[in-house]
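K.L.:
Need coordinates for the following:
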Amino acid sequence: MSSQVRPFLRGPRLLLPVLLLAAVLVVADAPPDTVLPAGARGSWGDGGQVARGGRSVVVGHRAEPGVLADLARRADLAGRRVSEVLGRPVRAVVVVPDTDAEAATLAGTGPLDGLAAVADGARVIVVPGSFARLTPTGRDVVLTHELTHVAAGTDRLPVWLYEGFADYVAYRDAGLPIRTAAAELAAEVRAGRLPSELPGPAAFAPTAADPGRLARAYQEAWMACRFLADRFGDGTLVRLYRDARVAGVDQALASVGLTAETLAARWREYVREQLA
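P.N.:
Numbers count the residues shown, from 1 in each chain. Sure, this is the predicted structure:
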């Protein structure tokens, strides 16, 4: 699941032009379920529309064709970015509900306050209210993050690894300076407060007592995966991720000469070096 929408990704609500983008076909009504990917079938009985990109299918409920066309283009970009890291083709199925409440119903969760999209099985569900307020870069980051969850899987992994890996892929080609992407964590480091340990599940639970903790948790996780990629390369990070899903994270770390303790120590020093 994506982090809450970070301040630097927010922008004014944009009214997208209703146009057809190159290589994207927009259909006024959804075709029969039998020709749609499994993750896009049976969402609504009325008001369905479909946009197809080169490697994506976007299904919307009462959505403007221009919005779906733009999403198909961005989903294609997200698919290319995830493919470049994973080393295999990745296709995106994106579902665009009519309302945030409908998004929560489709995802089978409680309210999705502050979230712009969620990974749900083989598809990405857009939370339309929050997603519409993102900057263009923010939309690309969120779609790539969630598509990474769909394509790479998250089972048997610690939360710092699967959220950090998804952010690593999402930010890898986003063109954002590291101190911008990790603004909340950078402020803590400049104040002399380094994180003490890799973030666990509790760190990813929003809390009124520390509103910035959730953002820092994602940034800490991202920096851990960024350290691994900088030190060992993208290919080793991907292999470590896959190995961790099969044999557990401790064994995967051991394959590159690390333990949980040595990783934490080197990660803390990396955070200091990059953000101080």
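
K.L.:
start to end distance for stretch 122-139?
P.N.:
By C-alpha to C-alpha, to the nearest Å, the extent of stretch 122-139 from end to end equals 19 Å.

K.L.:
For that stretch, give the mean pLDDT please.
P.N.:
Stretch 122-139 shows a mean pLDDT of 95.

K.L.:
which strands and helices sit next to the helix or strand that contains Tyr241?
P.N.:
In this structure, Tyr241 is located in helix 234-247 according to DSSP states H and E. If you count contacts as 3 or more C-beta pairs under 8 Å, 6 or more residues apart in numbering; DSSP states H and E, helix 234-247 packs onto helix 65-86, helix 159-172, helix 213-232, helix 249-254. No exception for glycine: its C-beta is placed from N, CA and C like everyone else's.

K.L.:
and the direction of that helix versus that of helix 213-232, what angle?
P.N.:
Going by axes from the mean of the first three to the mean of the last three C-alpha atoms, to 10 degrees, helix 234-247 is angled at 110 degrees with respect to helix 213-232.

K.L.:
nearest to Val95, of the helices and strands packed on helix 234-247?
P.N.:
Nearest to Val95 among those is helix 65-86 (10.1 Å), distances taken as C-beta to C-beta.

K.L.:
Tell me the buried residues in the closest one?
P.N.:
By 16 or more other C-beta atoms under 10 Å, the buried positions in helix 65-86 come out as 65-79, 81-83, 85-86.

K.L.:
one step back: show me how far the helix holding Tyr241 is from its chain's centre.
P.N.:
Chain-centre distance of helix 234-247: 18 Å, with C-alpha atoms, centre = their mean, to the nearest Å.

K.L.:
contact partners of that helix?
P.N.:
Here helix 234-247 makes contact (C-beta atoms under 8 Å, 6 or more residues apart in numbering) with 85-87, 152-153, 155-157, 161, 165, 168, 225, 228-229, 232, 251-253, 255-256.

K.L.:
do stretch 100-117 as well
P.N.:
Here stretch 100-117 makes contact (C-beta under 8 Å, 6+ apart) with 1-2, 4-5, 43, 61, 95, 97, 118, 120, 124-131, 134, 138-139, 142-143, 145-146, 206.

K.L.:
List buried residues within the residues you listed.
P.N.:
1-2, 4-5, 43, 61, 95, 97, 118, 120, 124-131, 134, 138-139, 142-143, 145-146.

K.L.:
Which ones among these map onto strands?
P.N.:
Members of the buried ones among the contacts of stretch 100-117 lying in strands (criterion: DSSP state E): 61, 95, 118, 120, 124-126.

K.L.:
Spatially, which two of those residues are the most separated?
P.N.:
Within these, His61 and Val118 form the most distant pair, 15.9 Å apart (C-beta to C-beta).
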